[in-house]
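Trainee: task: produce atomic coordinates for the following.
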Amino acid sequence: MLTEARVIGVQRRSIGTVVVTHAIMKDQRENLIAEHFQYSLAKGAFAAQDCGRMAPAHGGVGVKHRFATTLVYPLDPDQTLRFAEASGDRSPYTFDANAAKALGLPGPIVHGICTMAFVSRALVDLCCGGDSRRLRRLAMRFSGLLLMEPGQTISVRLGPAASTLQAKNYVFEAVDRAGTRIVSNGWAEVAA
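Mentor: Numbering: from 1, shown residues only. Sure, this is the predicted structure:
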């Protein structure tokens, strides 16, 4: 797989600077596998001025929806440790309580990409008929930390949005077992 990433925009905020990165992933034949836009906040760092562009907007942002379906996934007690080994992201704050607390976290947190994998699983299972190749676009905002604690779950709430002839669109969010939103502004486009 070939990956090319570049900064496409910088925008000042009251608490720091948002840096927007665009990554394109292609296979060995140069076929597009995925595009990824990421917002990163450099807290306390202030750019001299705004420049470049932000990631493209997606449907569902700021819109209240009624979610038609909820899927609940339990997290195994060793979920973050197994994900760390599989992904190569062995950040200790995801499986070591002392490392997490040293960073000011209440305890170990679930990797964002692991959270996204559970959300993607729900969309592929319910909206794509089990065929991940039909998932054409996936956009979301990580809006809270998912703590890795006994009995933790991820509940993915989703519902239909306005669709086109080429794609069926869905909105979604995810919450932890206490109902705290961990993913918001979710938007998925599924090939029709």
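
Trainee: with adjacent residues omitted, what lies nearest to residue 50?
Mentor: Leaving aside its sequence neighbours, residue 50 sits nearest to residue 11 (C-beta to C-beta, 6 or more residues apart in numbering; 4.9 Å). Bear in mind the C-beta positions are built from the backbone N, C-alpha and C, glycine included.

Trainee: which neighbouring elements make contact with the host helix or strand of the one you found?
Mentor: Residue 11 belongs to strand 2-13 when assigned by DSSP states H and E. Counting by 3 or more C-beta pairs under 8 Å, 6 or more residues apart in numbering; DSSP states H and E, the packing neighbours recorded for strand 2-13 are strand 16-26, strand 51-52.

Trainee: neighbours of the residue nearest to residue 50, how many?
Mentor: As a burial measure, residue 11 scores 16 neighbours (other C-beta atoms under 10 Å).

Trainee: show me the residue at the heart of this structure, geometrically.
Mentor: Centroid-nearest residue in the chain: residue 116, 4.5 Å away (criterion: C-alpha atoms, centre = their mean).

Trainee: checking that one next. Helix, strand or coil?
Mentor: Assigned by DSSP: H, G, I helix; E, B strand; the rest coil, the conformation of residue 116 is helix.

Trainee: for residue 92, grab phi and psi.
Mentor: Here is the backbone geometry of residue 92 (degrees, to the nearest 10): phi -60, psi -30.

Trainee: tell me which helix or strand the closest residue to it other than its chain neighbours sits in.
Mentor: Closest residue in space to residue 92, ignoring its immediate chain neighbours: residue 99 at 3.6 Å, by C-beta to C-beta, 6+ apart. Per DSSP H and E, residue 99 falls inside helix 97-102.

Trainee: state the mean pLDDT of that helix.
Mentor: Averaged over helix 97-102, pLDDT sits at 94.

Trainee: check stretch 48-68 too.
Mentor: Stretch 48-68 comes out at a mean pLDDT of 75.

Trainee: relative to residue 119, how far out is residue 185?
Mentor: Remark: distance between residue 185 and residue 119 (C-beta to C-beta, to the nearest Å) = 12 Å.

Trainee: comparing the two, which residue is more hemmed in?
Mentor: Under the neighbour definition other C-beta under 10 Å, residue 185 and residue 119 were set side by side, and residue 119 has more, 23 against 18.
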